[in-house]
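Colleague: sharing a sequence plus its predicted fold:
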Amino acid sequence: MLETSSRLLSLLALLQARPAWTGTELAERLEVTTRTIRNDIDRLRELGYPVDATRGAAGHYQLGVGAKLPPLLLDDEEAVAVAVGLRTGAGVVGMAESSARALTKLEQVLPHRLRRQVNAISSTMEKGPDNTGSNVADPEIDPGVLTAIAACIRDEHYLRFDYEIPVDVPIRGPGSGVGSDLPILVEPYRLVSWQRYWYLVARDDSDVWRTYRVDWMSLRMATGRRYNPRPMPGDDYTEFVLRDVASTGWKVHARITVLAPAQEVLSRIHAAVGIVESVDENTSVLVTGADSLEIVAVYIGMLGLDFHVDGPPALIDHLKTIGNRYLNAVR
């Protein structure tokens with residue numbers, strides 16, 4: 001049986017783990033009597049933790065609104081996960097400084113053994129640059145922008161913003177966010193973080209699903225207007241972003257004829273790499289893209305299949321250059 005202080009912490013952890021517990025369930029988990037649970041609930045209330053109790057056949061306990069945080073309860077794996085997350089957080093302005101402050105606070109409340117483990121992680125980890133395929137700095141997002149968008153999604157409010165696509169980015173396809181001289185009004189549904197960028201999935205006023213790069217958005221004044229939510233079938237927002245960006249969202253797009261069945265190609269790539277179209281039982285076409293010719297060349301080289309490039313011409317020239325370079329390396 002746990003000592004009283006340890007049992008109180010365990011009881012708090014259980015009450016935070018799910019909305020409601022019966023006295024019998026708590027007693028079984030902590031291996032005590034229901035009377036002990038009642039006494040422990042009274043002790044928690046004396047310490048300032050609001051624990052609500054419901055009587056009757058459906059009686060249960062639950063942690064009340066406004067409960068103070070108890071001493072941090074993390075097992076070894078949870079402590080490691082939090083430390084790694086704080087060390088590698090990026091993509092939002094001020095995240096590095098905020099993560100460092102949060103990690104310091106975390107270390108102050110952890111037991112000595114876990115504190116040493118977290119210190120070992122934070123002192124031995126480094127994070128390499130995310131953007132390895134471009135000489136353009138990775139974008140950073142104002143946390144206030146993410147917060148405002150998330151609030152609109154939560155409250156089901158229309159979102160209005162200006163959207164400007166950089167001149168060096170190709171015109172985007174019909175399923176993607178498009179630039180406009182006028183403010184854009186959408187129904188926002190999901191924020192997705194992927195490949196160094198943040199994307200908003202939204203339904204526009206033409207009833208078309210689109211993705212919008214958050215770093216290209218400039219928010220207008222809040223509308224305060226609610227919309228009638230019509231979620232994407234299957235709630236497949238992340239997959240939508242992956243496919244949309246793969247087909248329309250890169251600086252370089254390529255069309256590759258692969259001398260293999262479509263299923264063979266699909267088994268060797270992630271859905272985010274591109275879209276595969278079947279030509280016949282022995283041939284397929286891969287439509288793919290990346291931020292540079294070099295990355296596209298790596299993608300298609302890793303297929304391990306014979307292919308020829310339909311376009312763009314610049315990719316063909318690049319493959320000739322690196323092909324000659326490899327030949328010269330083995331002569």
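Modeller: Yes, it's here.
Colleague: is it true that residue 139 lies in a strand?
Modeller: No - counting by DSSP: H, G, I helix; E, B strand; the rest coil, residue 139 is not found in a strand; it is coil.
Colleague: isn't it up against residue 217?
Modeller: No - between residue 139 and residue 217 there is no contact under C-beta atoms under 8 Å: 11.1 Å. Every C-beta, even on glycine, is put in place using the N, C-alpha and C of the backbone.
Colleague: which one of these two has more residues nearby?
Modeller: residue 217 (20 against 15; other C-beta atoms under 10 Å).
Colleague: which phi and psi does that one have?
Modeller: In terms of degrees, to the nearest 10, the main-chain angles of residue 217 are phi -100, psi 140.
Colleague: identify the bridge partners of it.
Modeller: residue 163 (DSSP bridges).
Colleague: please name the residues that touch it.
Modeller: With contacts defined as C-beta atoms under 8 Å, 6 or more residues apart in numbering, residue 217 is in contact with 145, 161-163, 200.
Colleague: filter those down to the buried ones.
Modeller: 145, 161, 163, 200 (16 or more other C-beta atoms under 10 Å).
Colleague: could I get the residues you listed as a markdown table with secondary structure and distance to residue 325?
Modeller: Putting the buried ones among the contacts of residue 217 into a markdown table (DSSP: H, G, I helix; E, B strand; the rest coil; distance: C-beta to C-beta, whole Å) gives the following:
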| residue | secondary structure | distance to residue 325 |
| --- | --- | --- |
| 145 | helix | 43 |
| 161 | strand | 45 |
| 163 | strand | 41 |
| 200 | strand | 41 |
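Colleague: quick one: those residues as CSV, columns for distance to residue 32 and pLDDT too.
Modeller: As requested, those are arranged in CSV below (distance: C-beta to C-beta, whole Å; pLDDT from 0 to 100):
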residue, distance to residue 32, pLDDT
145, 49, 87
161, 55, 95
163, 59, 91
200, 49, 93
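Colleague: what is the biggest helix by length in the chain packed up against?
Modeller: Ranked by residue count, the top helix of the chain under DSSP state H comes out as helix 313-330. In terms of contacts (3 or more C-beta pairs under 8 Å, 6 or more residues apart in numbering; DSSP states H and E), helix 313-330 is packed against strand 252-258, helix 293-301, strand 307-311.
Colleague: flag every buried residue along it.
Modeller: 315, 318-319.
Colleague: now do stretch 185-204
Modeller: Applying 16+ other C-beta under 10 Å to stretch 185-204 flags 185-193, 195-203 as buried.
Colleague: from those, which land in helices?
Modeller: Filtering the buried residues of stretch 185-204 for helices - DSSP H - leaves nothing at all.
Colleague: out of the residues you listed, which are inside strands?
Modeller: Within those, residues falling in strands by DSSP state E are 185-193, 197-203.
Colleague: helices of the protein, start to end?
Modeller: Under DSSP H, the chain gives helices at 4-17, 23-30, 34-46, 76-88, 95-109, 112-124, 143-155, 237-248, 262-266, 293-301, 313-330.
Colleague: for those helices, which one sits closest to residue 55?
Modeller: helix 23-30 (10.6 Å; C-beta to C-beta).
Colleague: which other helices and strands contact that closest one?
Modeller: helix 4-17, helix 34-46, strand 60-63.
Colleague: which of these has the highest mean neighbour count?
Modeller: Highest mean neighbour count among the helices and strands packed on helix 23-30 (mean count of other C-beta atoms under 10 Å): strand 60-63, with a mean of 19.
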